[in-house]
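S.K.: Build the 3D model from these lines:
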Amino acid sequence: MRVGVFADSYRPYTSGVVRSIETFRLALTARGVSFFIFAPRYPNCEPEEKVFRFFSLPAPTNPDFAIAIPLSVRLGRTLKSLGLDLIHVHSPFFLGGLGARWARRLGLPLVFTYHTLYEEYVHYFPFLRQPARVATRRYTVNFCNRCDLVLAPTGAIREYLLRSGVSVPVAVLPTGIELAAFRGGDGAGFRKRLGIDPEERVLLYVGRLGREKNIAFLLRAFRDIAARLDAVRLVLVGGGPAREELHGEARRLGIHEKVVFAGPVPPERVKDCYAAADLFVMASLTETQGLVIGEAKAAGLPVVAVRAQGVSEMVNEGVDGFLTPLDEAIFATVVCRVLEDPHLYQNLKEGAVAKAAELSIGRLAEVLLGHYRALAEKKRGGDFTAEGGEKRWQ
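M.R.: Numbers count the residues shown, from 1 in each chain. So this is what the prediction gives:
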């Protein structure tokens, strides 16, 4: 089977979308699927086999992110020569939209993974944010309805899409995790590099430093935690446009000496971050899944997170962690309870490892392969027809 993947972010950029693409690509390549990636070009990108890059410009609000210009005079010839069975897009914009148009032109099934609550990112718009929110939701729903299958990372996101007006099939498929990749990290070495003593307890966040991640909430909650517990640190791993703003907030709260901004970490060394930590914390309200929660659990870390759509299905209350309302005092109380109760903490660690096994990439890759095969079979069987310039199942 040959699959064309169109994505608005790809290596060397780091994000949950990129990790999802790479994790499934590696697992399904081992099962005989050939992937051809169409992605933005980043500075100093080395040529890669089966990866096609588009001319790109730095995003105005996030220079690390490249915005691809979805134009290529050779694309049509390239796609026809590849003999694709289907196209899988990971964004409704730019290259995702380009992939959707070519799926229709070539009569190929179109799969879309809904990774992001796009309307929750309108704070990056300089003006007219509420109209932008409404327009973004309408656009993404319409895009979903042009596809043959939409993949949602959690059941909560599937229900959200259906309530919003998506009428095509929507299947739940979390991003899988290569469990072994997050075990056996060098936690002691990571702590030493950051100047954290072995006896200090570490609360860890891994992810983008953007306003949509609600990290200022974590800082305010941590102020209460640090007032109650001795020898505790908050470590923020990742980069992003809100980094300087968060530095200032930590200083304003008087906790800057106990908050460590570790910066981005190479993917192969993320397991060191988890190994160095005692508890994973997250306050984002915009996640469709919260992949880093699964990674943390695979490393044996309990989780305390704010209850939100995608995250709510990643944390099993009292088994591998706890969910709290959007209340800093309650969040701080739950964190302190977990860290101060050795019996509870040990049970949560064991539960984290056990529940992480449900996200094994081996199992979930087989599910995705089944979707691919069903779509390709429908096309071969003649159940796939063109109507009004768009592809629809009969």
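
S.K.: ends of stretch 192-206, how far apart?
M.R.: 18 Å (C-alpha to C-alpha, to the nearest Å).

S.K.: What lies in contact with that stretch?
M.R.: Stretch 192-206 has contacts (C-beta atoms under 8 Å, 6 or more residues apart in numbering) with 188, 191, 215, 218, 222, 225, 229, 231-238, 260, 262, 265, 270, 273-274, 276-282, 292, 295-296, 301, 335, 339. C-betas here are computed from N, CA, C, even on glycine.

S.K.: can you pull out the helices in the stretch 51-200 of the chain?
M.R.: Assigned helices in the stretch 51-200 of the chain, in chain order: 75-82, 94-106, 129-144, 155-164, 187-194 (criterion: DSSP state H, counting those that start in this stretch).

S.K.: Just want the angle from the fourth one to helix 129-144.
M.R.: Computed with axes from the mean of the first three to the mean of the last three C-alpha atoms, to 10 degrees, the direction of helix 155-164 lies at 100 degrees from that of helix 129-144.

S.K.: hang on, the earlier thing: compare the helices of the stretch 51-200 of the chain and say which comes out lowest on pLDDT.
M.R.: For those, the bottom mean pLDDT is recorded on helix 129-144, which sits at a mean of 85.

S.K.: Pull the distance from it to the chain's centre.
M.R.: Using C-alpha atoms, centre = their mean, to the nearest Å, we find the averaged C-alpha position of helix 129-144 to lie 20 Å away from the chain's own average C-alpha position.

S.K.: How about stretch 286-305?
M.R.: 11 Å.

S.K.: Let's see that stretch as CSV, backbone CA atoms only.
M.R.: Once non-C-alpha atoms are left out, stretch 286-305 reads as follows in CSV (Å, rounded to 0.1, in the frame of the first residue of the first chain):
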residue,chain,number,x,y,z
THR,A,286,-7.1,22.8,24.0
GLU,A,287,-5.7,19.2,23.7
THR,A,288,-7.4,16.7,21.4
GLN,A,289,-5.5,13.9,23.1
GLY,A,290,-2.5,15.1,25.2
LEU,A,291,0.0,12.7,23.7
VAL,A,292,2.7,13.7,26.3
ILE,A,293,0.4,12.3,29.1
GLY,A,294,0.6,8.9,27.5
GLU,A,295,4.4,9.3,27.2
ALA,A,296,4.7,10.3,30.8
LYS,A,297,2.6,7.3,31.9
ALA,A,298,4.8,5.0,29.8
ALA,A,299,7.7,6.3,31.8
GLY,A,300,5.9,5.5,35.0
LEU,A,301,4.9,9.1,35.9
PRO,A,302,1.5,9.8,37.6
VAL,A,303,-0.4,12.7,36.1
VAL,A,304,-2.3,15.6,37.5
ALA,A,305,-4.2,17.6,34.8
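
S.K.: What's the mean pLDDT across it?
M.R.: Stretch 286-305 comes out with an average pLDDT of 93.

S.K.: what do you get for stretch 107-117?
M.R.: Model confidence over stretch 107-117, given as mean pLDDT, is 93.

S.K.: Likewise for stretch 21-31?
M.R.: Across stretch 21-31, pLDDT averages out at 96.

S.K.: now do stretch 272-281
M.R.: Taken as a whole, stretch 272-281 carries a mean pLDDT of 98.

S.K.: who touches it?
M.R.: With contact meaning C-beta under 8 Å, 6+ apart, stretch 272-281 is reached by 182, 184-191, 194, 196, 201-206, 218, 234-235, 237, 262, 265, 292-293, 295-297, 299-305, 321, 335, 338-339.

S.K.: hang on, the earlier thing: the contacts of stretch 192-206 in strands, which ones?
M.R.: V232, R233, L234, V235, L236, V237, V260, A262, L279, F280, V281, M282 (DSSP state E).

S.K.: just these now: which is nearest G16?
M.R.: When those are compared for distance to G16 (C-beta to C-beta), M282 wins out at 12.2 Å.

S.K.: Okay, and the beta partners of the closest one?
M.R.: Taking DSSP bridges as the rule, M282 bridges to A305.

S.K.: ok, it - how many residues close by?
M.R.: By other C-beta atoms under 10 Å, the residues close to M282 number 28.

S.K.: same question, T78
M.R.: Residues near T78, counting by other C-beta under 10 Å: 14.

S.K.: distance of it from L106?
M.R.: 11 Å (C-beta to C-beta, to the nearest Å).

S.K.: R77 too?
M.R.: Taken as C-beta to C-beta, the span from R77 to L106 is 12 Å.
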